[in-house]
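Asks: Task: produce atomic coordinates for the following.
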Amino acid sequence: MFQNPEILNTLAEIAIALVGFTGIVVALNHTRGDWSEKQLIQFSALIGPSLTALGCCFVPTFIAYFITDTNSIWQLSNFVLGTLHLANIIPFFVMVKRSKSDPATLSQKINSVIGSLTILAHYVAAIGLTPYLEAIFIFGIMQQLGIGLLNFVLSLKYQEDA
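Replies: Numbering: from 1, shown residues only. Reported below is the predicted structural model:
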């Protein structure tokens, strides 16, 4: 089923560490009181993608209990990841749009474009229009981890600037 089964375990371990870093962000922000729009957006963009990456690392294995066709496993896995990724990016866009200022950084804006294209790739893979089903899934997990890591760093940077 998997070309490199250990990669999903490694990515899950990274996701667990990133979710753990969320406690640092919460602790730092808790000591300061109210959260700004920028902090709320960064926190949302840290925790959502990190949890999505963590959960989706186990999706192909779970699906494999019910489906034996490898392509179907990866197509369904891409559908799940694309849908969860979409569930993360829509609130980001809504929070940025509703903001009185422009709280999104240039790196967040660039990554939102990359994220949108990644979601499209997941759905293209889900309907079987590409042979790179597993690669797109792994890229999507890594992209979600990258978003979480970026927003962790931005959260720490914001603490320094405050």
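
Asks: Where does the nearest residue to T130 once chain neighbours are set aside sit, in terms of helix or strand?
Replies: Nearest non-adjacent residue to T130, counting by C-beta to C-beta, 6 or more residues apart in numbering: V124, 5.6 Å away. Heads up, the C-betas are built off the backbone N, CA and C, glycines and all. V124 is part of helix 106-126, with elements assigned from DSSP states H and E.

Asks: Flag every buried residue along that helix.
Replies: 108, 111-112, 115, 118-119, 121-122, 124-126 (16 or more other C-beta atoms under 10 Å).

Asks: quick check, nearest of those residues to L18?
Replies: L18 lies nearest to N111 out of those, by C-beta to C-beta, at 15.0 Å.

Asks: Leaving out the residues flanking it, which one is nearest to the closest one?
Replies: Leaving aside its sequence neighbours, N111 sits nearest to I147 (C-beta to C-beta, 6+ apart; 5.7 Å).

Asks: How about G148?
Replies: Using C-beta to C-beta, 6+ apart, the closest residue to G148 is S50 (3.7 Å).

Asks: What's the separation between the one you found and P131?
Replies: Between S50 and P131 the computed distance is 29 Å (C-beta to C-beta, to the nearest Å).

Asks: again with S101
Replies: 44 Å.

Asks: Surely L8 is in contact with T61?
Replies: Yes: between L8 and T61 there is a contact at 7.5 Å, judged by C-beta atoms under 8 Å.

Asks: Helices of this protein, start to end?
Replies: 5-32, 37-56, 59-64, 70-98, 106-126, 133-161 (DSSP state H).

Asks: helices or strands next to the fourth one in the packing?
Replies: Okay, so that is helix 70-98. Applying 3 or more C-beta pairs under 8 Å, 6 or more residues apart in numbering; DSSP states H and E, one finds that helix 70-98 contacts helix 37-56, helix 59-64, helix 106-126, helix 133-161.

Asks: tell me the most buried of those helices?
Replies: helix 37-56 (a mean of 22; mean count of other C-beta atoms under 10 Å).

Asks: Now do it: distance to the chain's middle.
Replies: 7 Å (C-alpha atoms, centre = their mean, to the nearest Å).

Asks: Could you do stretch 64-80 as well?
Replies: Worked out by C-alpha atoms, centre = their mean, stretch 64-80 lies 20 Å from the chain centre.

Asks: low-confidence ranges in this structure?
Replies: 1-2, 25, 28-33, 158-162 (pLDDT under 70).

Asks: would TSV of the buried residues of helix 106-126 with distance to Y65 be doable?
Replies: Listed next are these as TSV, based on distance: C-beta to C-beta, whole Å:
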residue	distance to Y65
Q108	37
N111	33
S112	34
G115	29
T118	26
I119	26
A121	26
H122	21
V124	26
A125	21
A126	19
